[in-house]
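Visitor: Okay, structure incoming, though there's no sequence with it:
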């Protein structure tokens with residue numbers, strides 16, 4: 001017979017990027033006496049991944065636990081970016097309630113809506129926290145009204161509309177029930193969690209069942225399965241059955257059992273329904289599989305994950321500099337790493353490519369794939385990737401492609417530029433609002449492929465004053481051809497060391513990515529041409545010495561500072577005939593075909609084919 005546990009709360013924290021979610025978790029951990037008095041823990045405690053700290057976003061969902069008035073509160077930190085929705089969908093299965101964290105100035109944002117929809121569809125009980133209440137331009141009343149409207153749109157149960165509201169300053173560690181709160185502790189938030197979020201409903205007398213939602217790896221213990229116990233109880237040494245994705249059962253025995261205390265895993269003698277635990281001893285277990293008592297004959301329902309929308313090809317690096325900077329460079333090493341990633345990154349797909357050294361990797365969005373590329377690069381891998389492309393599928397009425405809702409806030413003077421640029425990318429305006437402070441809010445429905453490479457144009461067109469966010473809408477009918485315009489490339493014609501004299505000549509033709517002393521090779525893209533066509537340039541050219549002297553001959557050449565692209569920009573900047581070469585030390589753009597003669601022949605052939613098609 002099922003009942004609710006009074007001594008336990010499982011809570012997911014939901015927020016848009018930079019609304020203070022990880023800072024709020026810091027305050028909850030510190031005020032629950034998780035750390036020793038002399039322990040130096042710093043800030044952004046849960047963002048342990050260096051990439052998360054650099055980018056200021058949560059990428060991987062994480063668990064922590066605190067004690068308050070005899071109740072253990074399991075805190076599940078969820079990513080705030082829609083590209084990591086796969087993380088969100090699997091970890092929300094462990095929660096019974098959610099804290100929705102909203103900025104007191106910005107209000108609920110599009111990607112907040114994405115995660116909140118998932119939470120409410122699962123029946124979670126919400127608590128709303130309006131954060132950064134101390135900001136001078138905070139507008140708590142308007143933000144609360146916008147949040148209430150959001151709940152009216154998304155709530156699936158009547159009780160989800162009756163949510164408590166707290167006002168907080170997570171950085172300074174206090175919360176209150178009124179907008180004017182200026183000090184105190186997080187105690188009101190702890191009380192709201194106990195009052196508004198119920199304990200997990202479970203049947204402790206039933207046979208043990210647990211859905212694996214997270215995997216960790218330990219060099220001594222092997223693979224560690226993490227999840228919430230749905231029914232029954234578990235203890236070390238107990239025989240269990242692993243139900244694979246195809247339903248095939250396999251016998252194992254629990255080696256060790258861990259619970260969570262603060263940020264640490266601690267070994268425990270037993271755990272019962274509702275607890276979030278880590279289990280060792282189950283070899284090759286995967287996310288979405290069920291661990292159960294041998295009496296159980298049916299696995300739990302698998303986690304529903306939305307399908308990927310963007311794909312890229314990863315391939316072995318075959319440039320002249322291949323193998324000079326990376327530790328893992330072979331196709332076997334690349335294949336093993338990619339297929340290992342899909343064991344924990346449930347929203348990712350990996351398929352064999354057209355050749356043995358190429359692999360097609362599909363994910364939720366550009367950022368999702370860029371984070372994977374950056375992670376592998378830091379691990380010592382060296383490889384090349386192609387331009388991101390949308391995944392097109394066949395629907396009832398023909399081709400379908402992924403669409404997104406684009407939200408833009410920008411100066412009113414940029415409105416004409418934005419509408420003109422986005423209309424060329426097949427975007428349809430669905431909303432427009434002008435604020436009293438001279439800023440405009442625009443909403444567009446746009447194909448995902450129309451957003452590839454848009455960020456650069458957006459930043460320059462709005463003078464860096466614009467804010468853009470997206471919300472995934474799903475697949476819709478093909479919107480038609482989008483003309484992608486980028487200036488031609490400046491391509492190195494020689495292999496060697498770039499010299500100031502050669503760069504000075506080349507910089508008159510466009511924008512360069514390189515500096516004197518950089519190593520380049522023939523076929524490497526060293527900049528963008530000021531015109532539409534590609535141009536071969538010799539940046540390794542040295543100045544010839546002569547016997548002629550003049551008063552101006554030895555004046556140093558003036559070089560324009562280079563503008564090397566970041567990884568994310570490089571991925572959206574490249575054309576179909578280019579790739580990004582990724583190594584632990586360098587990010588280079590190159591032509592897929594390095595030989596200039598072959599490239600010229602292929603270009604002529606494509607030109608003649610286009611002319612024939614136009615005539616025919």
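Guide: Noted; the coordinates are in hand. This is a predicted model, so every value here is computed, not measured.
Visitor: Which stretches in the protein count as helices?
Guide: Under the criterion DSSP state H, the chain contains helices at 21-31, 50-55, 85-91, 110-121, 140-154, 187-196, 331-344, 366-378, 415-423, 448-451, 454-461, 500-506, 567-573, 596-615.
Visitor: residues contacting the nearest residue to residue 515 once chain neighbours are set aside?
Guide: Closest residue to residue 515 in three dimensions, ignoring its sequence neighbours and counting by CB to CB, 6 or more residues apart in numbering: residue 562, at 5.2 Å. No exception for glycine: its C-beta is placed from N, CA and C like everyone else's. For residue 562, the set of contacting residues under the criterion of CB atoms under 8 Å, 6 or more residues apart in numbering consists of 512-515.
Visitor: Show only the entries of those found in strands.
Guide: Secondary structure defined by DSSP state E assigns residue 512 of the contacts of residue 562 to strands.
Visitor: Could you point out which of the contacts of residue 562 is nearest to residue 70?
Guide: Out of the contacts of residue 562, the one with the shortest distance to residue 70 is residue 513. That distance is 59.9 Å, counting by CB to CB.
Visitor: and that closest one, how far is that from residue 560?
Guide: Using CB to CB, to the nearest Å, residue 513 is found at 12 Å from residue 560.
Visitor: Kindly report the same for residue 99.
Guide: Using CB to CB, we find residue 99 at a distance of 49 Å from residue 560.
Visitor: Those two - which one has more neighbours?
Guide: For residue 99 against residue 560, the residue with the higher neighbour count under other CB atoms under 10 Å is residue 99, and the figures read 26 against 11.
Visitor: and that one, bridged to which residues?
Guide: The bridge-partner assignment for residue 99, based on DSSP bridges, gives residue 13, residue 127.
Visitor: In contact with it, which residues?
Guide: Residues near residue 99 by CB under 8 Å, 6+ apart: 11-14, 24, 126-129, 189, 193.
Visitor: Low-confidence regions, the stretch 451-600 of the chain specifically.
Guide: Confidence mapping of the stretch 451-600 of the chain against pLDDT under 70 gives the ranges 484, 545-557.
Visitor: what about the strands in it?
Guide: Using DSSP state E, counting those that start in this stretch, the strands of the stretch 451-600 of the chain run over 467-477, 489-492, 496-497, 510-512, 519-520, 524-529, 535-537, 578-582, 587-591.
Visitor: Now the second one: buried residues?
Guide: What that stands for is strand 489-492. Residues of strand 489-492 classed as buried under the neighbour-count rule (16 or more other CB atoms under 10 Å) are 489-492.
Visitor: Give me the contact list for it.
Guide: For strand 489-492, the surrounding residues in contact (CB under 8 Å, 6+ apart) are 506, 509-510, 512, 520-529, 534-540, 575, 578, 589, 591, 596.
Visitor: Neighbouring strands of that strand in the sheet, and parallel or not?
Guide: strand 524-529 (antiparallel), strand 535-537 (parallel).
Visitor: hmm, back to that, want to throw the contacts of residue 99 into CSV with distance to residue 500?
Guide: Rendered in CSV, the data for these read as follows (distance: CB to CB, whole Å):
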residue, distance to residue 500
11, 59
12, 55
13, 53
14, 53
24, 51
126, 61
127, 61
128, 59
129, 56
189, 60
193, 63
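Visitor: Most neighbours among these, which one?
Guide: Using other CB under 10 Å as the neighbour definition, the contacts of residue 99 reach their maximum at residue 14, which records 29 neighbours.
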